[in-house]
Every structure is written in C-alpha cells, then in structure tokens.
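# I need the structure of the sequence given here:
(one chain, ligands or ions: 1)
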Amino acid sequence: MFSINSIFVLIVGVAAVLFDRRIQKSLVNLPRVFCNAMSVEAIAGREERCLDYIRTNAEQGKPQSVLDAIDRFGWTQEWLMNVGETKGVILTDELLKKQPKNVLEIGAFVGYSGVRIGMSLPVDGHLTSVELSNKYAGIARQTVDYAGLSSKVTIVEGTVSTVLKDYVQSNGLPPFDFVFIDHAKDYYLSDLLYLLDNSLIAPGGIIVADNIIYPGAPDYREYVNGHPERFRTVEHLTKLEYSEKEDMVMVSELLH
Ligand SMILES: C[S@@+](CC[C@H](N)C(=O)[O-])C[C@H]1O[C@@H](n2cnc3c(N)ncnc32)[C@H](O)[C@@H]1O
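Predicted coordinates for the structure are as follows:
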C-alpha cells in the first residue's frame, strides 16, 4: 500500500517536525538575556508591551507602583535592559545621600531609571535624560508621565556630544551634580571625557555607571580607576537586571 519512498518521506517529515519542536523549546529555555541579544526581531514591540503592562498593572501617579510593574514585566514577561530593582537600590541610595538638584542620565530606554531618579529627587531637583532613539524617548516620556513625574524629568532626544551643550545653555542649567551613565557601553568613556572637557559635571558630583561587567565597559573602568586623584570610586559587585548574571555598578565622586 505504501511505497518505500512515501514511508521515507513520512519518516523525514516526522523527524523534521520533532527536531523543529526541540529547537523551539531550547530557544524558549535559553536565558532571556541571551535571547534578547540574539534577535532584535524576536522582541519587536517589547517596549510597547511594557507600556501597556504598566497601564494595566500600575497605579497612575504612583512611581513605586510603576517601577514594580516594570520589574514584574522584566522578570515574568520579557527581559528588559533597565537598571532593575537590585542595582536600582544602589542608584537610589546615592541619590538620597547626595540630594542632587541637577541630574543627567544618558540612556532612558522605557523610562524605568527616569522614574526611579525622578521620585528620589529633592523638591527642587530635576533630571535631564538624553536618549538616542526617538521611539524609546517617546515611550520613556509616557512612562514618566504615567508615574506623575513629567515636571521633574525631561527626556531629550540625541546624544551627549550632539545636543547636550546647546540644551544646557538654552535652559541656563548649572553643571550636573549627579550623572547616571547607562547607554552604549563603548561610549561611556568618550562621553565622560566630553562632559569633563566641557565642564558639564560639577566638582563633587557623583557619577554612577551601570553594566561595568555585563555587557561591560572595561575602558571606562580602567580610566576611572587609573585616575584616583580625580575620582573617588566604589565598585559594587551585583547582579544583572532580571538575571543571576554578575554585573557591577561603579559610583565615583568627581574630586575636582
Ligand atoms: C540600558 S538602556 C537604558 C536603561 C535605562 N537607563 C534604565 O535603567 O531604565 C540604554 C539606552 O541607551 C540608549 N542609547 C544608546 N546609545 C546612546 C547614546 N549614544 N546616547 C544616548 N542614548 C543612547 C539606547 O537607545 C537605550 O535606550
């Protein structure tokens, strides 16, 4: 009834389906971080889904509730490159200690750290967050707005070297007394040097840099640690957001 050929085709077909299932299963089981780095296509729309999740699960005007919802999304739905709750506590502690008036963030993404910083500022404190991507800048603004922090946080589209000097001058801002560096890791050092060369960080200012180990900013770490006369630094060994991977946050005081 069945020819040898049709039986062979059937066996190959079943094997292909089973193999494909195994591949799919193993992909699902890969660490989220790796999946994330592996395929941008696979996570298209993730930031919009995060925003929807915030609107469905967080209380409007309650920054902590917004942070909790984003953290829950990062742990249970899709991995996100926010500073997250563990490293976020290091950031919050430094903000509460310093009570900065004029904060700069480089890299806003969906606005998680924008909310975290905005809610920890003194009454007269303000955050300027520079974000390269129009799309992320738009989402970050909506997150910050939902948290009720629009008056304390301004998201500026562009990069430090292209937009910041003009922005600072046209808004009459003093040098920043707190900087959170959390954008493209290859640009940490060059953007720090740009800020220093243009006197955009006040002496005594605090510089917090995320992802020193993962994905890693080795040149930044080497430079800052190599200039102890300029920076007093504490390295916090910690975990990558929504993961058990090792990471580090550097906290440096600009001495002069
Ligand atoms: C790790 S995410 C920021 C996460 C965010 N700070 C948080 O904790 O919620 C990095 C962000 O930096 C942005 N970015 C990349 N290169 C940049 C640059 N040269 N200047 C400003 N933003 C940049 C990316 O678009 C991305 O949104």
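
# Give me the three-state assignment for residue 178.
When classified by DSSP: H, G, I helix; E, B strand; the rest coil, residue 178 comes out as strand.

# Report whether the expected contact of it with residue 205 is present.
Yes - counting by C-beta atoms under 8 Å, a contact exists between residue 178 and residue 205, whose distance comes to 6.3 Å. Just so you know, the C-beta spots here come from the backbone N, C-alpha and C atoms, and that holds for glycine as well.

# Which neighbours do those two have in common?
Residues touching both residue 178 and residue 205 (C-beta atoms under 8 Å, 6 or more residues apart in numbering): residue 100.

# What number of residues are in the vicinity of residue 58?
Counted with other C-beta atoms under 10 Å, the neighbours of residue 58 add up to 23.

# hang on, residue 164 packs against residue 201?
No - using C-beta under 8 Å, residue 164 is not in contact with residue 201; the gap is 11.4 Å.

# List the residues that contact residue 57.
With C-beta under 8 Å, 6+ apart, residue 57 has these contacts: 69, 72.

# now do 6 Å
By C-beta atoms under 6 Å, 6 or more residues apart in numbering, the contact set of residue 57 is residue 69.

# mind checking pLDDT for it?
For residue 57, the model assigns a pLDDT of 98.

# how about the residues of this protein near the ligand?
Residues of the chain lying close to the ligand (C-beta under 6 Å from any ligand atom) are 81-83, 106-109, 112-113, 130-133, 136, 159, 182-184, 187.

# Between residue 164 and residue 201, which is the more surrounded one?
residue 164 (23 against 19).

# hey, where'd the strands end up in the stretch 51-200 of the chain?
102-106, 126-131, 153-157, 176-181 (DSSP state E, counting those that start in this stretch).

# per-residue confidence averaged over the third one?
Going back to what we said before, that points to strand 153-157. 98.

# If you count contacts, what does that strand end up packed against?
Packing partners of strand 153-157 (3 or more C-beta pairs under 6 Å, 6 or more residues apart in numbering; DSSP states H and E): strand 126-131, helix 134-146.

# What of the first one?
Contact partners of strand 102-106 among helices and strands, from 3+ C-beta pairs under 6 Å, 6+ apart: strand 126-131, strand 176-181.

# That one pairs with which strands, and in what direction?
Here strand 102-106 has these sheet partners by DSSP bridges: strand 126-131 (parallel), strand 176-181 (parallel).

# For residue 249, the count of nearby residues, please.
With neighbours defined by other C-beta under 10 Å, the count for residue 249 comes to 25.

# Can you name every helix or strand that the one helix or strand it maps to contacts?
If you go by DSSP states H and E, residue 249 is part of strand 246-254. Contact here means 3+ C-beta pairs under 6 Å, 6+ apart; on that basis strand 246-254 packs against helix 84-98, strand 201-209, strand 231-239.

# And the nearest residue to residue 239 once chain neighbours are set aside, how far from residue 241?
Residue nearest to residue 239 in three dimensions, not counting chain neighbours: residue 86, with 5.4 Å by C-beta to C-beta, 6 or more residues apart in numbering. Distance of residue 86 to residue 241, given as C-beta to C-beta, to the nearest Å: 7 Å.

# How about residue 80?
Distance, residue 80 to residue 241, using C-beta to C-beta: 7 Å.

# More neighbours: the two, which one.
More neighbours surround residue 241 than the other of residue 80 and residue 241, with 25 against 22 (other C-beta under 10 Å).

# Quick check: pLDDT value at that one.
94.

# what's around the residue in the stretch 51-200 of the chain positioned nearest to the ligand, how many residues?
Residue of the stretch 51-200 of the chain nearest the ligand, by C-beta to the nearest ligand atom: residue 107 (2.9 Å). Neighbours of residue 107 under the rule other C-beta under 10 Å: 25.

# okay but it is in contact with residue 184, surely?
No - using C-beta atoms under 6 Å as the test, residue 107 is too far from residue 184 to be in contact (7.7 Å).
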